[in-house]
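Trainee: Fold the stuff below for me.
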Amino acid sequence: MEDHGLGRLLRELPGERAREGFTARVLARLDARPEPSVWRRPRLVFAAAALAAVMVSAGLLQVRAERAEEVRKTEARRVLRELRSEHESLKQELQELSGPPVIYLGGNEKVDLVVDLSRVQNAAF
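Mentor: This next block holds a predicted model:
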């Protein structure tokens, strides 16, 4: 069926008329209806919930990153203290081992020839 034929058939249908005061009653009901609250709008509620979830997640990630950084700093400080302690121990051990400078000249099963440079005049060491 063509559009012209459909339009002609629709025009032939009997027209319905609204009862008296229909428009006034509809407008009065619309005026009396309260504005829908924000929480009754599902899209807005969903958007607010999604935003809150994103903000909480971002906050938790920030706290976790700060905590991990603090753990790394604490571990680095502990390792640095250990290294400094080891350095001091090695330094003391070296001082204890450094006696007067000597030179081993050689020897055999009966004699070792060692020169104590602190007793040699004009020795450069």
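
Trainee: Phi and psi next, for Arg19.
Mentor: phi -70, psi 170 (degrees, to the nearest 10).

Trainee: any idea how far Arg29 is from it?
Mentor: To Arg29, Arg19 is 15 Å away according to C-beta to C-beta, to the nearest Å. The way it works is simple: take the backbone N, C-alpha and C, and place the C-beta from them, glycine included.

Trainee: who has more neighbours, the two?
Mentor: Arg29 (9 against 6; other C-beta atoms under 10 Å).

Trainee: so that one sits in a strand?
Mentor: No - secondary structure of Arg29 (DSSP: H, G, I helix; E, B strand; the rest coil): helix, not part of a strand.

Trainee: if I look at it, how far off is Gly21?
Mentor: In terms of C-beta to C-beta, Arg29 sits 12 Å off from Gly21.

Trainee: cool, and Glu109?
Mentor: Distance from Glu109 to Gly21, by C-beta to C-beta: 136 Å.
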